[in-house]
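S.K.: Compute the structure for the input listed below.
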Amino acid sequence: MGGRRSRQQGPPETPLELPPNVRETLGAESDQLLAALALPPPVSIRLNPLKFVSLPGDNVPWCEHGRYLESRPIFTLDPLLHAGVYYVQEASSMLLEQAFRSCSALPSDAVVLDLCAAPGGKSTHLAALLPKHALLICNEPVRTRQPSLTENLWKWGRPNVVITGAAPEAFQPMGTFCDLVLVDAPCSGEGMFRKDPYARAQWGPHLVETCATRQQGILDAAWEALRPGGYLIYSTCTWEACENEEQVERMYQRGAEGVEIPVDPAWGVEATGRGLRCYPHRLRGEGFFMAVMRKPVSAREIDPPALRISGTAGEDLPWSSWVKDPTDFSSREVEGVQYAVDLRWSGLISALANTLHVLAPGIPVAQRKGEAWIPHAALALNGMLDPPAFPVIDMDRTEVLRYLHGEALPAPDASGIALVRYQGLGMGWVNGAGKRWNNKWPAPWRIRMR
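M.R.: Numbers count the residues shown, from 1 in each chain. Below is the predicted model:
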């Protein structure tokens, strides 16, 4: 989705009205926007290029793997969603792809920080766009939002992802260590008026003012983490100038350089000179704002800790035979779980762990069970898994839905650990117990709908 907002409970029947600043900005077009907001929102998904499943739908013109659907299916009962084949995402926010492509000087081993990452729409998009050896750090300071971020990232299946749970300012001791920082800022949510009645119910001038103040602090933290020459991508799902262009202007006053995001005029996206604006009456998407800035190469660099010192691969790791190219990874054990990450990032992750709260210092590959180690749920869904390492159980849709509901599966002679697959994709694990396979799909991920 676009920039996030703090949700307060309110009546869903709140009348649909445009904020005064929006009417002032659009003038005669205001009635067209209001009419568009009264229509059902378009349904769109973004495919995972790591999992190579083709699904029907019209292309989202600014996103290679974005698709519009004719109608909204019951996503909860689609095994492909749970396998990480696609992410349900509002189309306007997929403009992140064009913003990323405007960051032309990123190194192939970039350090990328998504500072306000939950529930993971833009994090998974970055995971699809980044080069193989880049490190993606996804941070979510709100504890209640961290589980959804973790689930979505682990299902997406990219190696070299770290999840943190810190306030944006907590990164300051790390110095200037990022090549790219994304701030998808908490905002007043005007762009979600069509999709979310609570956005309408909670909107007010005080919320706009509160969000603008909060955004300044988050942007300042992002700027401090950025290396000279690095890029800052800023987005919201509001149309308020004080949350959008005025925030960009303030960063210009700090020395930021504007970076143009190329767009096709046929898309209906408005370039304001300080970023891009999306309006639902001009395109198939919701309200959105996005801008890209660059920190001058001449800016002072605050020396970070020794971040790019490679670690050494552990010896006799319990999961070495489970993954492709095990010597490429180092391992960290936290509370009975072993996490894998590219060797080159061992020093950075140690510095992060010594500085702030790290939820996952890599992809979890193994967890302790008594004296033994068993594969972690995230490994079944990740590209580092070497499938021949385990027996495989291929399931049809009916069988895999039973699995996703958490049911045990009957079997004539079940023993050991096996990998569950659907349409050739790793889903999860089962553990043999004689006449049944015990289900190892994580309880919080289970389908509750019947």
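S.K.: Could I get the CA-only coordinates of the worst-scoring helix or strand of the chain on mean pLDDT as CSV?
M.R.: Within the chain, no helix or strand scores below helix 197-202, which has a mean of 83 by mean pLDDT, DSSP states H and E. The C-alpha trace of helix 197-202 is given here as CSV (Å, rounded to 0.1, in the frame of the first residue of the first chain):
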residue,chain,number,x,y,z
PRO,A,197,-13.5,4.0,5.2
TYR,A,198,-11.5,4.4,8.4
ALA,A,199,-9.1,6.7,6.5
ARG,A,200,-12.1,8.9,5.9
ALA,A,201,-13.3,8.6,9.5
GLN,A,202,-10.0,9.6,11.1
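S.K.: Tell me the helix or strand right after that helix.
M.R.: Where DSSP states H and E defines the elements, the next helix or strand beyond helix 197-202 is helix 205-225.
S.K.: quick one: the next helix or strand after that next one to helix 205-225, angle?
M.R.: Sequence order places strand 226-236 as the next helix or strand after helix 205-225, per DSSP H and E. Going by axes from the mean of the first three to the mean of the last three C-alpha atoms, to 10 degrees, strand 226-236 is angled at 160 degrees with respect to helix 205-225.
S.K.: now for strand 226-236, which elements pack on it?
M.R.: With contacts taken as 3 or more C-beta pairs under 8 Å, 6 or more residues apart in numbering; DSSP states H and E, strand 226-236 sits against helix 96-101, strand 178-184, helix 205-225, helix 245-253, strand 288-294. (Glycine included, C-beta is placed from N, CA and C.)
S.K.: and whichever helix or strand comes after the fourth one, which residues are buried?
M.R.: Spelled out, that is helix 245-253. Next along the chain after helix 245-253, taking DSSP H and E as the criterion, comes strand 257-259. For strand 257-259, the neighbour count (16 or more other C-beta atoms under 10 Å) marks 258-259 as buried.
S.K.: Could you do stretch 348-366 as well?
M.R.: Neighbour-count burial for stretch 348-366 [16+ other C-beta under 10 Å]: 348-352, 355-366.
S.K.: what's the answer for stretch 261-270, then?
M.R.: Those would be 261, 263, 267-269, for stretch 261-270 by 16+ other C-beta under 10 Å.
S.K.: Looking at the helices and strands packed on strand 226-236, spot the one closest to Pro326.
M.R.: strand 178-184 (27.2 Å; C-beta to C-beta).
S.K.: For the nearest residue to Glu245 once chain neighbours are set aside, pull up the helix or strand it's in.
M.R.: Distance criterion C-beta to C-beta, 6 or more residues apart in numbering; nearest residue to Glu245, sequence neighbours excluded, is Arg274 at 4.0 Å. Per DSSP H and E: Arg274 is located in neither a helix nor a strand.
S.K.: Double-check Arg274 against Ala256; I have them as touching.
M.R.: No: Arg274 lies out of contact with Ala256 (C-beta atoms under 8 Å); the separation is 10.9 Å.
S.K.: Between those two, which contacts overlap?
M.R.: Here Arg274 and Ala256 share the contacting residues Val248, scored by C-beta atoms under 8 Å, 6 or more residues apart in numbering.
S.K.: Those two: who's more crowded?
M.R.: When neighbours are counted by other C-beta atoms under 10 Å, Arg274 and Ala256 differ, and Ala256 comes out ahead with 24 against 19.
S.K.: count of neighbours near the closest residue to that one other than its chain neighbours?
M.R.: Leaving aside its sequence neighbours, Ala256 sits nearest to Met293 (C-beta to C-beta, 6+ apart; 3.9 Å). Neighbour count for Met293, taken as other C-beta under 10 Å: 25.
S.K.: Tell me how far Met293 lies from Val183.
M.R.: 10 Å (C-beta to C-beta, to the nearest Å).
S.K.: For those two, list the residues in contact with both.
M.R.: 232, 234.
S.K.: and the residue nearest to Glu140 when sequence neighbours are not counted, helix, strand or coil?
M.R.: Among residues not flanking Glu140 along the chain, Ala118 sits closest, at 4.2 Å (C-beta to C-beta, 6+ apart). Assigned by DSSP: H, G, I helix; E, B strand; the rest coil, the conformation of Ala118 is coil.
S.K.: Would you agree Ala118 is in contact with Leu149?
M.R.: Yes: counting by C-beta under 8 Å, Leu149 is a contact partner of Ala118 at 4.1 Å.
S.K.: domain ranges for this protein?
M.R.: 20-294, 390-450 (automatic domain parsing).
S.K.: quick one, which of those domains is packed in tightest?
M.R.: Most buried of the domains of the chain by mean neighbour count (mean count of other C-beta atoms under 10 Å) is domain 20-294; its value is a mean of 20.
S.K.: Ends of that one, what's the gap?
M.R.: 32 Å (C-alpha to C-alpha, to the nearest Å).
S.K.: How about stretch 139-154?
M.R.: By C-alpha to C-alpha, one end of stretch 139-154 lies 14 Å from the other end.
S.K.: Averaged pLDDT, that stretch. What do you get?
M.R.: In this model, stretch 139-154 has an average pLDDT of 98.
S.K.: Show me the contact partners of it.
M.R.: Applying C-beta under 8 Å, 6+ apart, the contact partners of stretch 139-154 are 87, 113-120, 123-124, 127, 138, 161, 163-168, 171, 359-360, 363-364, 377-378, 381-382, 444-445.
S.K.: I'd assumed Ile45 was in contact with Arg72.
M.R.: No: between Arg72 and Ile45 there is no contact under C-beta under 8 Å: 10.3 Å.
S.K.: for the stretch 51-200 of the chain, what spans make up the helices?
M.R.: Assigned by DSSP state H, counting those that start in this stretch, the stretch 51-200 of the chain shows helices spanning 79-82, 96-101, 121-129, 146-156, 197-202.
S.K.: between the ones you listed, which gets nearest to Ser320?
M.R.: helix 146-156 (20.5 Å).
S.K.: relative orientation of that closest one and helix 121-129 in degrees?
M.R.: Angle of helix 146-156 versus helix 121-129, following the same axes, to 10 degrees, is 20 degrees.
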